[in-house]
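1. take a look and give me a structure for this.
(chains A and B)
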Protein chains: 2
Amino acid sequence: MKQFDNEMLKLQSDSAVLNINSKKLAFTTDSYVVTPIFFPGGNIGKLAVCGTINDLAVSGARPLYLSASFIIEEGFSVDDLKTIVLSMAEEAQKSGVRVVAGDTKVVEKGKCDQLFITTTGVGELKQELSHISSGKNIQAGDKILINGSVADHGITILSARENLQFEEDIQSDCASLNGLIQKVLDAGINVKFMRDATRGGVATVLAEIARMRKAGIEIKEEAIFIRESIRGLCEVLGYDPLYVANEGKVIMIIDPKDEKKALEIMKQHSLGKESSVIGEICEDHNEFVVLNTCIGGRRILDLLTGEQLPRIC
Amino acid sequence: MKQFDNEMLKLQSDSAVLNINSKKLAFTTDSYVVTPIFFPGGNIGKLAVCGTINDLAVSGARPLYLSASFIIEEGFSVDDLKTIVLSMAEEAQKSGVRVVAGDTKVVEKGKCDQLFITTTGVGELKQELSHISSGKNIQAGDKILINGSVADHGITILSARENLQFEEDIQSDCASLNGLIQKVLDAGINVKFMRDATRGGVATVLAEIARMRKAGIEIKEEAIFIRESIRGLCEVLGYDPLYVANEGKVIMIIDPKDEKKALEIMKQHSLGKESSVIGEICEDHNEFVVLNTCIGGRRILDLLTGEQLPRIC
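-> Numbers count the residues shown, from 1 in each chain, chains lettered A, B, ... in the order given. Below you'll find the model as predicted:
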């Protein structure tokens, strides 16, 4: 960031907002190095498409076009590559985006780990929604919503990687959120900010928001849905589910007057059935994110330091 | 291409041409896995910036924004990373583009080869230049120009990789061509098509053009500039310089009436001092690219089959 010094990069939002021909475009990139490349609920290709679509969608943009660049280890199974590319094409099709550019590089055996995919996306951003990526309209009293359970992706990847076998069926929540988000925006909900809770999980996103807006956040632990199986695995493995990555969860900050309506719309969508209001923005010059626990305690959630779990995306 | 089935991808041009808000944008991506990552004349970072700028520029677009995504091997030197990023920033600055989005992933030691960089670019494409990327206006009689010596990049990389020591100083031609190309376009030269002669070299680009336009091409060997040192190395190592990759060379197809003017403009630019007219498009239903050799022979240049030299970019 220091070397590429420019205003767009400094904003550190999920997508850069470009001005071209006096129109606004959202632009974002991510490399995917997840291991294992196939996991319950998805694979590296589906994840790459969903992840880039989500970074555009949470910026308030309508995702339109993707590029996909593949770095492939010599000897990688062509059948696996076909399966992965097919799932990318299906996810793109389902989400209404087109993969229009690409590249393929093959490196010698042992010079990469099976397959890495880098996706870059371009989306159309309406002028009246361009405040979303900066979150500049967030204020005390705004409600914080999430579209369902947390920690599914990270725990699924870890379990798959370590070949942990459990009785419970768990799977990644990997999904494209642009459809759900578009429904909320189309209904005229005053969305102040959105971010998908990927690396660092829900707690990290909330801590980032608090710092960015110099505000406090109060969260009700009981309002955060964690599947029983995932909760159990987190306890066994020693992970705090609030810091575990999700790949199909968006945190929305909305005007309090729209709380009911937004929740209703989200719950009607297949990816939002378990949506809930998990807390609100409050005034606090300490910029604390306070978790009001089920047993009546109060705990401060800070940014995740270091990486809790590498190569989850 | 089969799975992502769409018209933009099928065109197989250097950039996809997007229609957004009734304006045209060029969009392109490439992963860079060159080894060694530092070489005479550049490094993986400079190469990534130049390569993506060039893919936009040869489509007739004005490069505006780049994203850069890094996959880094655990333990990679932070100083080397800084050097590489700095050279990316310098090249971007010099070429008038901004790096506005990025990602960083670190993988375990042995899971990638030092550093891979994926750059994606967006450029503005004027309606009146949108024919360039498809080459649909190419016709018999059009002149074929190149902005200088061939085979420098590929031979430099190979020499650096194999630690070959020679008396001659050789270096990669790695450079951003948007400035040179803009000068030609601004002068109103009727450019029918452009392509940078990277993987597969000049011969491959010419063979692609012949097939694409179902035309023939006549090339004069004596008009193709090859540095003596590079020519010697090609002979020793057994490579045909016409098939060796370049990273700062553009092949332009222009209207014959503009031949003199175009050559003059190109020669005035620091990256075009050794520009020459190397041949012309002709009618030939066999789609042959014929090289008229210096000793009076005629040789057919076909597409490069397989990869002559892996990981050159």
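
2. okay, and the beta partners of the residue nearest the centre of chain A?
-> The C-alpha lying nearest the average C-alpha coordinate of chain A belongs to residue A:196 (Cα atoms, centre = their mean; 2.8 Å). Under the criterion DSSP bridges, residue A:196 forms beta bridges with residue A:250.

3. you'd agree it is up against residue A:56?
-> No - here residue A:196 does not reach residue A:56: they are 10.4 Å apart, not a contact under Cβ atoms under 8 Å. All C-beta spots, glycine's among them, are computed from the backbone N, C-alpha and C.

4. how much space separates residue A:123 from chain B?
-> Per Cβ to the nearest Cβ, to the nearest Å, residue A:123 is found 9 Å from chain B.

5. residues contacting that residue?
-> Counting by Cβ atoms under 8 Å, 6 or more residues apart in numbering or on different chains, residue A:123 makes contact with A:15, A:25, A:26, A:27, A:56, A:57, A:59, A:61, A:62, A:63, A:64.

6. not counting its neighbours along the chain, what's nearest residue A:268?
-> residue A:183 (7.7 Å; Cβ to Cβ, 6 or more residues apart in numbering or on different chains).

7. please, which helix or strand holds the one you found?
-> Counting by DSSP states H and E, the element that carries residue A:183 is helix A:178-186.

8. quick check: residues of the stretch 101-250 of chain A near chain B?
-> Proximity of the stretch 101-250 of chain A to chain B (Cβ under 8 Å from any Cβ of the partner chain) is limited to residues A:101-103, A:105-108, A:110-113, A:116, A:118, A:120, A:122, A:124.

9. please pick the buried ones from these.
-> Listed as buried from those are A:101-103, A:105-107, A:111-113, A:116, A:118, A:120, A:122, A:124; burial here means 16 or more other Cβ atoms under 10 Å in any protein chain shown.

10. can you redo those as CSV with secondary structure and distance to residue B:237?
-> What follows is those, written out as CSV (DSSP: H, G, I helix; E, B strand; the rest coil; distance: Cβ to Cβ, whole Å):
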residue, secondary structure, distance to residue B:237
A:101, strand, 33
A:102, strand, 31
A:103, strand, 27
A:105, strand, 23
A:106, strand, 22
A:107, strand, 22
A:111, coil, 23
A:112, strand, 27
A:113, coil, 32
A:116, strand, 31
A:118, strand, 32
A:120, strand, 36
A:122, strand, 42
A:124, strand, 50
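
11. quick one, what contacts the residue nearest to residue A:268?
-> Per Cβ under 8 Å, 6+ apart, neighbours of residue A:183: A:265, A:266, A:268, A:269.

12. nearest to chain B among those?
-> The shortest gap between chain B and any of the contacts of residue A:183 belongs to residue A:269, at 26.2 Å (Cβ to the nearest Cβ).

13. next, count neighbours for that closest one.
-> Applying the criterion other Cβ atoms under 10 Å in any protein chain shown, we find 17 residues in the vicinity of residue A:269.

14. now do the strands in the stretch 151-300 of chain A.
-> A:191-196, A:216-220, A:250-254, A:276-282, A:289-292, A:298-301 (DSSP state E, counting those that start in this stretch).

15. where does pLDDT dip in the stretch 151-300 of chain A?
-> Within the stretch 151-300 of chain A, the segments meeting pLDDT under 70 span A:166-167.

16. ok and the residue in it nearest chain B?
-> Using Cβ to the nearest Cβ, the single residue of the stretch 151-300 of chain A nearest to chain B is residue A:199, 10.0 Å away.

17. correct me if wrong: that residue contacts residue A:245.
-> Yes - using Cβ under 8 Å, residue A:199 makes contact with residue A:245 at a distance of 5.4 Å.
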